[in-house]
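# Sequence first, predicted coordinates after that:
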Amino acid sequence: MLSVCVLNSGCALELISARTATSRGSSGGGGSSFTSNCPTNFVRMPAAMESTLGYPLCVSMFEMKVSQNDGTPVLNGRGGAPLPVVNYMPVSRPEGTPWTRITLADAISECASLGARYRLMKNSEWDFIANDIASNGANWSGSMINRGHSDDAIDANAIANGWAFDSPGTLSVPDLMDPYLGTGNTVAQAFGAGGEQKRTHELTNSEILWDFGGNARELVDIDGLGGSLSYTGPGATGYYDLSSATVTTWIPTLISSNGVTFSAPSFTPSNGTWTDAANFIGKFYIPSGNQTLRVVSRGGNYSASNGPGIFAGDSDASSVGTGSTGGFRCVFQ
């Protein structure tokens, strides 16, 4: 059972982690319990998706949070500056804001430090998950799918209660039973009028992921090899609909530093008619001109101006960048 408490109430936090051993890199998640062959607070992917992937996969239920190496939770994952990663470890748990201000290389190594078979999520896996979410009617209201925390706002109580550390900003998960808590919105609101702020998405096997579309955008391993990208951007920097000709033209220009090639299904929904304006799926940010050593993050973040959503993305960050809104999510294969 998950034990969740109000972060400033003085209660003792229960560390809920795939790895609770103090030794970094302990195999198999430090001896944690497993459910459906997944580490604690990781969820199993639907069988049909695993069949297509060719391997079983467990994904962190939450954006990765941060703890000291002895397991002590760090509740402000954003902080004022990048954390010295050698002193910290990533944890899948509800409490605390997401671990941001981290480079792609460090996110890759931090996921791997959890033990054998842990790694950073691949971009291709992100799209498989997003398409599975989009195929589940539970995530839709009419023609709109929920974006997650994505309106530049947090509830007035979020900072006072320790669910956030700045405003606007990323949120903790203070209550697993209320996917709107911290957003200032409720289930009674229609999508397009606040209801789209729901922070959970349901997979077709009924498993739940938190903050997949918003809150913090998430670094992904673009080619499964830790590579970076070079490409030719459009004439104007901006956020583009995934169904647009700009995105269609941009994708074939992508060159991985490891020589991996890319196609439209690596970034776009299976339904090519969806748009962000009509369906809330998110937009992709592409800078103009010739770009090198770029990395990709997915899902958008809490800022409405960033076109957040489950298919959203950003290809502007440097491979050594440490953006304040960029987190990550580990998987267990």
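That came through fine. Numbering: from 1, shown residues only.
# low pLDDT regions in the chain?
Counting by pLDDT under 70, the chain has low-confidence residues at 1-36.
# From the centroid of it, which residue is nearest?
Glu218 (4.1 Å; Cα atoms, centre = their mean).
# Partner strands of the helix or strand that residue falls within, with direction?
According to DSSP states H and E, Glu218 maps onto strand 217-220. Using DSSP bridges, strand 217-220 pairs in its sheet with strand 296-298 (antiparallel), strand 326-328 (parallel).
# residues making contact with the last one?
Strand 326-328 is touched from outside by 63-64, 77, 90, 98-102, 107, 110-111, 120-121, 170, 216-220, 297, 301, 317, with contacts defined as Cβ atoms under 8 Å, 6 or more residues apart in numbering. Glycine gets a C-beta too; all of them are placed from N, C-alpha and C.
# now swap in stretch 167-178 and tell me
2, 4, 6-7, 62, 75, 77-78, 94-98, 100, 149, 152-154, 158-159, 161-164, 181-183, 199, 210-211, 215-216, 301-303, 325, 327.
# Trp250 against Pro234, yeah?
Yes - taking Cβ atoms under 8 Å as the definition, Trp250 is a contact partner of Pro234 at 6.5 Å.
# How about the backbone phi and psi for the closest residue in space to Tyr285 that isn't next to it in sequence?
Nearest residue to Tyr285 in three dimensions, chain neighbours excluded: Asp314, at 4.4 Å (Cβ to Cβ, 6 or more residues apart in numbering). Phi and psi for Asp314, reported as degrees, to the nearest 10, are phi -150, psi 130.
# List the residues that contact Asp314.
Arg217, Phe284, Tyr285, Val296, Ser297, Arg298, Gly300, Asn306 are the contacts of Asp314 under Cβ under 8 Å, 6+ apart.
# switch the cut-off to 7 Å
Taking Cβ atoms under 7 Å, 6 or more residues apart in numbering, we find Asp314 in contact with Arg217, Tyr285, Val296, Ser297.
# Please report which of these has the highest neighbour count.
Among these, the one with the most neighbours (other Cβ atoms under 10 Å) is Arg217, at 31 neighbours.
# And that one, how far from Arg93?
20 Å (Cβ to Cβ, to the nearest Å).
# Leu209 - nearest residue in space that isn't next to it in sequence?
His201 is the one closest to Leu209 (Cβ to Cβ, 6+ apart), at 5.2 Å.
# contacting residues for that neighbour?
Neighbours of His201 in contact, by Cβ under 7 Å, 6+ apart: Ile133, Asn139, Leu209, Phe212, Gly213, Ile310.
# Among the residues you listed, name the ones in helices.
Judged by DSSP state H, the contacts of His201 include Ile133 as members of helices.
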